[in-house]
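[1] Sequence and predicted structure, then a few things I'm wondering about:
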Amino acid sequence: MTARLDPNIASPPGAPAPEPKPVGQVTDHVDGIGCHTDKTSLKVRAAGAGLAETLARYEADYPAGPHEKPQSMCPAFGSLRVGLRMRRTATVLSGSACCVYGLTFTSHFYGARRSVGYVPFNSETLVTGKLFEDIRDAVFKLADPKLYDAVVVTNLCVPSASGVPLRLLPKEINGVRIIGIDVPGFGVPTHAEAKDILAGAMLNYARQEAEHGPVQAPRGGKSEKPSVTLLGEMFPADPVGIGMMLEPMGLAAGPVVPTREWRELYAALDCAAVAAIHPFYTASIREFEVAGRRVVGSAPVGHDGTAAWLEKIGKACNVPAGRIAAAQNMILPAVKGALSARRIEGRITLSGYEGSELLVARLLVESGADLRYVGTACPRTVWSDDDRDWLLAHGVQVQYRASLEQDLAAMNEYKPDLVIGTTPVVQKAKELAIPALYFTNLISARPLMGPAGAGSLAQVINGALGNKARFDAMNAFFHGVGTGHAAGIWPSGEPVDDPDKRKRLEARAIKAKRLAEEIP
């Protein structure tokens, strides 16, 4: 292999010069690294390979929860999704083939319409630095300014743990920006926060570009009114509705971050204020604050949330009190009317990993639901405190960094009429004959803001609440099938309960566990 040499390696005076390492050579041994490796070992290995600063920043931005590894999908799906939804942006993954296969499958399942780049590797190319050279070559081949504004390269767990140095990639090639990020499962708790990693990296790059000279205008031209940037992915109708609520105050809805095109990043930074609709975008908020922009938490959901949010946004943008009141007087009666017309009656527990769980919880409470618990996989930040305080005042248990075990414990404790949650929570609820809805596809994929959001949840939730009798009938019909001694495949006929055989198998399992613990 022919490798470029690192000119920064020096020798002590009088000592023979060591053989230089190729640029990108990471660590001497990588055998055994994989998704199965425990979190502590991966972190230690990554820190020793040069990723200590990145991991420390991630720990501060995205404080971990009780679980060792993410309990939802691979975090890198979040940043991959952001890149794939942007015009003129190429995405490249560096990771184990099984991980890349899973991520590309999931991205296309959710509607990606472009290819995902992949740089394969083996133990030799990883250790010698050839993988970094291959990534660098791939980036140079992709960097065509006629096709792309940016190329995003993402390290997954194994390259991150091995220290593949994406920071050494060129920052720009032929006018195409190069963004290298590490999104390891052992350092990023959720896919929602991985969206912030890429959005923050892009905002940082765009902010520095804007500081050094003129930049490209938005596709639709610059807003004539002061704009409010909306932080966090949301249903497509919500930015339109927010714009209508801002109009009486002389404001406009700005771009949604993550953006759909690079040039929108400049418009996002050029705002009067930032609305942290999703409150966990820590890296992105840092870039807005460096740019001198004020950040406002929560969102215009329900009557109380809309009233408070309009006031806070108006004050952040120096809008006179009279115009703030005019906006409230125009919007709030419509919100109250929608809430009154579409009531929800029933006890509910709610959990998810998208980041909008507390907003949905507020809307459910104002719609009349007896909401007892809301769990979010995302962390607590100051930008969600208004929502948290409101929910606590209305008797709702709020759990940040909620684990699957905590979500299930809440379901068992509160005995809800309806469970809204992640796939395993919904699965468990249906096993117990409790109606359940998947949060991501059936709840978060609806408008939440203003009058449109006020009535959007009632139909699907009331429909699910009305299915209790059907669940009871199915549960009675299938009772006992595939559970307890009847679990598994019985080719010889009816399942037979054999207590003696069960005891023998339990004793064998205990013995095997004891022997495994004795092995050093």
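    Sure, I can see it.
[2] next one: stretch 251-266 to chain centre, how far?
    Centroid separation for stretch 251-266 versus its chain: 19 Å, with C-alpha atoms, centre = their mean, to the nearest Å.
[3] How about stretch 77-93?
    14 Å.
[4] Grab the nearest non-local neighbour of residue 423.
    Excluding its sequence neighbours, the residue lying closest to residue 423 (C-beta to C-beta, 6 or more residues apart in numbering) is residue 438, at 6.5 Å. Glycine gets a C-beta too; all of them are placed from N, C-alpha and C.
[5] How many residues are close by residue 222?
    10 (other C-beta atoms under 10 Å).
[6] Correction: the previous question concerned residue 192.
    26.
[7] in this structure, what secondary structure element scores lowest on mean pLDDT?
    One helix or strand of the chain scores below all others by mean pLDDT, DSSP states H and E: helix 39-46, with a mean of 79.
[8] just checking, what packs against that helix?
    helix 52-61, helix 157-162 (3 or more C-beta pairs under 8 Å, 6 or more residues apart in numbering; DSSP states H and E).
[9] could I have the helix or strand containing residue 500 exported to CSV, CA atoms only?
    For residue 500, the host element (DSSP states H and E) is helix 499-518. Taking C-alpha atoms only, helix 499-518 is exported to CSV below (Å, rounded to 0.1, in the frame of the first residue of the first chain):
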residue,chain,number,x,y,z
PRO,A,499,-43.2,-30.0,35.0
ASP,A,500,-40.4,-32.5,35.4
LYS,A,501,-38.9,-31.6,32.1
ARG,A,502,-39.2,-27.9,32.9
LYS,A,503,-37.3,-28.5,36.2
ARG,A,504,-34.5,-30.4,34.4
LEU,A,505,-34.1,-27.6,31.8
GLU,A,506,-34.0,-25.0,34.5
ALA,A,507,-31.3,-26.9,36.4
ARG,A,508,-29.3,-27.3,33.3
ALA,A,509,-29.5,-23.5,32.6
ILE,A,510,-28.4,-22.7,36.1
LYS,A,511,-25.4,-25.0,35.9
ALA,A,512,-24.4,-23.6,32.5
LYS,A,513,-24.6,-20.0,33.9
ARG,A,514,-22.5,-21.0,36.9
LEU,A,515,-19.8,-22.6,34.7
ALA,A,516,-19.7,-19.5,32.5
GLU,A,517,-19.2,-17.3,35.5
GLU,A,518,-16.3,-19.4,36.7
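[10] avg pLDDT for that helix?
    Taken as a whole, helix 499-518 has a mean pLDDT of 86.
[11] Need the residues that contact that helix.
    For helix 499-518, contacts defined as C-beta atoms under 8 Å, 6 or more residues apart in numbering pick out residue 485.
[12] Just the buried residues of that helix, please?
    Within helix 499-518, not a single residue qualifies as buried, counting by 16 or more other C-beta atoms under 10 Å.
[13] chain center to that helix: distance?
    For helix 499-518 - counting by C-alpha atoms, centre = their mean - the centre lies 41 Å from the chain centre.
[14] Equivalent analysis for stretch 459-466, please.
    Distance of stretch 459-466 from the chain centroid (C-alpha atoms, centre = their mean) equals 27 Å.
[15] So residue 468 is in contact with residue 432, correct?
    No. Using C-beta atoms under 8 Å, residue 468 is not in contact with residue 432; the gap is 11.6 Å.
[16] circling back: what pairs with the residue nearest to residue 423 across the strands?
    residue 421 (DSSP bridges).
[17] ok, now how distant is it from residue 396?
    Separation of residue 438 from residue 396 (C-beta to C-beta, to the nearest Å): 21 Å.
[18] likewise residue 172?
    48 Å.
[19] Would you mind telling me which of these two has the busier surroundings?
    Using other C-beta under 10 Å, the more surrounded residue of residue 172 and residue 396 is residue 396, with 22 against 13.
[20] Now do the same contact list for the more buried one.
    Going by C-beta under 8 Å, 6+ apart, the list of residues near residue 396 reads 361, 365, 371-374.
[21] Can you get me a residue count around residue 239?
    18.
[22] in which helix or strand would I find it?
    Counting by DSSP H and E, residue 239 is part of helix 237-246.
[23] Give me the average confidence score over that helix.
    96.
[24] Run through the residues that contact the residue lying closest to residue 261 once chain neighbours are set aside.
    Leaving aside its sequence neighbours, residue 261 sits nearest to residue 87 (C-beta to C-beta, 6+ apart; 4.5 Å). Taking C-beta under 8 Å, 6+ apart as the contact definition, residue 87 lies against 149, 260-262.
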